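>>> show me the folded form of this:
(2 chains)
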Amino acid sequence: AQTVTQSQPEMSVQEAETVTLSCTYDTSENNYYLFWYKQPPSRQMILVIRQEAYKQQNATENRFSVNFQKAAKSFSLKISDSQLGDTAMYFCAFMGYQGAQKLVFGQGTRLTINP
Amino acid sequence: ETGVTQSPTHLIKTRGQQVTLRCSSQSGHNTVSWYQQALGQGPQFIFQYYREEENGRGNFPPRFSGLQFPNYSSELNVNALELDDSALYLCASSSTGVGYEQYFGPGTRLTVT
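Purely as a prediction, here's the structure:
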């Protein structure tokens, strides 16, 4: 079974700073997808960024980028020029090719951006 | 394009009762997944429906059951409610295929007393 671990329960940075959220996972599959989802205080989960395991190039979406280290099974999220609206719970998630297209989530990191 | 909607927003039930939660998928999506999110935790996969059939199930007992309708909307039913069933229940819709984004609804907050 796949597992996803986020070792930082909470993080706090000043507006405009760069912050990196950590995520490690465990799987025996070779092909899979990794995601970062954001859950603001209003609760609706929103996709931030997606990485396909067979692609070596790290995914980027505007201020959001990932550092994907397949051998180390590590998938960190970097937020550059952080904004107050980035305040949310961030979840790292795994989706494999075997079985249902289910997301396996980590425990989450509560990120607070301070003015 | 209409997003994923869920009803009701909040619900309070008594232990032993039954509850039905509803989800309307986003236009064009034929797959619906349900997740349970306990307070302070990440969501856990309950089950998934594709073309009205259960397409996979997580580690949840049989008293958690579901349906998907021809218009791809879905229901989650929980029988014999227990205190530990108190959680946020999230519905997500997607196209079929690995790697497709799952679009989440706002959730239903269930409290069991």
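
>>> from here on, contacts and neighbour counts on C-alpha atoms
OK.

>>> for chain A, which residue occupies the most central location?
With distances taken as C-alpha atoms, centre = their mean, A:W36 lies nearest the centre of chain A, 3.1 Å away.

>>> also chain B?
B:W34 (3.2 Å).

>>> the residue nearest to the centre of chain A and A:C92 touch, don't they?
Yes. The pair A:W36 and A:C92 passes the contact test of C-alpha atoms under 8 Å, sitting 4.6 Å apart.

>>> in the sheet, who's paired with residue 33?
As the question left the chain open, I've gone with chain A. Counting by DSSP bridges, A:Y33 is bridged to A:E52, A:M95.

>>> correction: the question concerned chain B.
B:Q48, B:A92.

>>> contacting residues for it?
A:102, B:45-49, B:91-93 (C-alpha atoms under 8 Å, 6 or more residues apart in numbering or on different chains).

>>> same check on B:Q44?
Contacts of B:Q44 (C-alpha under 8 Å, 6+ apart): A:104-105, B:35-37, B:58.

>>> from A:N62, how far off is it?
Distance, B:Q44 to A:N62, using C-alpha to C-alpha, to the nearest Å: 29 Å.

>>> on that earlier part again, in the contacts of B:Q44, which residue is surrounded by the most others?
Neighbour counts for the contacts of B:Q44 peak at A:F105, which has 26 neighbours (criterion: other C-alpha atoms under 10 Å in any protein chain shown).

>>> buried ones in stretch B:72-90?
Of all the residues in stretch B:72-90, those buried under the rule 16 or more other C-alpha atoms under 10 Å in any protein chain shown are B:72-76, B:78, B:81-82, B:85-90.
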